[in-house]
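> sequence-free structure coming up:
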């Protein structure tokens, strides 16, 4: 289910937790994809400023929702807020290979080493390394990488992997719900567990 290509698509996206929750509730209610699309655009379900933006937000969130199977949707509905945010993060990580690799390679290493903080410099070093591995990433502008750096750290804060600490981003390890952990283990996604919890 993990995206295979590197993408800078997150520059035009947000964490959209509330929006994902609305979409999942509509799925649970039995609404069709076409009905949800109509609600999101004609009735501005996600509170977009303009219609074209409503269409884009719907498209992004619909793509993320495709990373949820029936079991994970049920788990989302029956979980506490912290776990719901982690599930939302998982949909993003499954949609964006580079962000997943950042968590797995940088965040996880920081946790293993006991580092207290993570910052934009860590993201910059990560991008420099990836540029050597990918021609696609090497083509990105400095502005794109800077925006992605900001987004990565914000998403991690929104998912409670980081907290603000006197202007710094403090690493705050999530407590992984046992049901979510069991689900990820059952589908063989140990890498996701390691990425979001930092375990070795």
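Happy to help now that I have it. All values reported here derive from a predicted model rather than from experimental measurement.
> Would you map the strands across the protein?
Remark: strands assigned in the chain by DSSP state E are 117-118, 162-165, 168-171.
> Give me the distance between the residue of the chain positioned farthest from its centre and residue 96.
When distances are taken from the C-alpha mean of the chain, residue 42 lies farthest, 26.8 Å away, according to CA atoms, centre = their mean. Counting by CB to CB, to the nearest Å, the gap from residue 42 to residue 96 is 29 Å. Where you see a C-beta, it was placed from the backbone N, CA and C, and this is true even at glycine.
> thinking again about what came up before, would you convert the strands of the chain into CSV that also reports mean neighbour count and distance to residue 181?
Formatted as CSV, those follow (neighbours: other CB atoms under 10 Å; distance: least, CB to CB, whole Å):
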stretch, mean neighbour count, distance to residue 181
strand 117-118, 18, 23
strand 162-165, 14, 21
strand 168-171, 16, 19
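> quick one: low-confidence parts of the protein?
1-3 (pLDDT under 70).
> where exactly do the helices run in it?
17-28, 33-42, 51-65, 70-77, 81-95, 97-102, 108-113, 120-133, 135-138, 142-158, 178-186, 190-197 (DSSP state H).
> Who are the packing partners of the second one?
Packed against helix 33-42, as judged by 3 or more CB pairs under 8 Å, 6 or more residues apart in numbering; DSSP states H and E, are the following elements: helix 17-28, helix 51-65.
> how about those, which one is nearest residue 164?
Of all the helices and strands packed on helix 33-42, it is helix 17-28 that lies closest to residue 164, at 17.6 Å by CB to CB.
> Adding distance to residue 166, write the helices of the chain out as JSON lines.
Converted to JSON lines, the helices of the chain look like this (distance: least, CB to CB, whole Å):
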{"stretch": "helix 17-28", "distance to residue 166": "25"}
{"stretch": "helix 33-42", "distance to residue 166": "39"}
{"stretch": "helix 51-65", "distance to residue 166": "33"}
{"stretch": "helix 70-77", "distance to residue 166": "33"}
{"stretch": "helix 81-95", "distance to residue 166": "23"}
{"stretch": "helix 97-102", "distance to residue 166": "24"}
{"stretch": "helix 108-113", "distance to residue 166": "18"}
{"stretch": "helix 120-133", "distance to residue 166": "16"}
{"stretch": "helix 135-138", "distance to residue 166": "32"}
{"stretch": "helix 142-158", "distance to residue 166": "14"}
{"stretch": "helix 178-186", "distance to residue 166": "31"}
{"stretch": "helix 190-197", "distance to residue 166": "25"}
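> for these, which one sits closest to residue 5?
helix 97-102 (6.6 Å).
> closest to residue 75 out of the helices and strands packed on helix 33-42?
Minimum separation from residue 75 across the helices and strands packed on helix 33-42 (CB to CB) falls at helix 17-28, 10.6 Å.
> returning to that earlier point: okay if I get the strands of the chain as CSV plus distance to residue 22?
Listed next are these as CSV, based on distance: least, CB to CB, whole Å:
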stretch, distance to residue 22
strand 117-118, 30
strand 162-165, 25
strand 168-171, 28
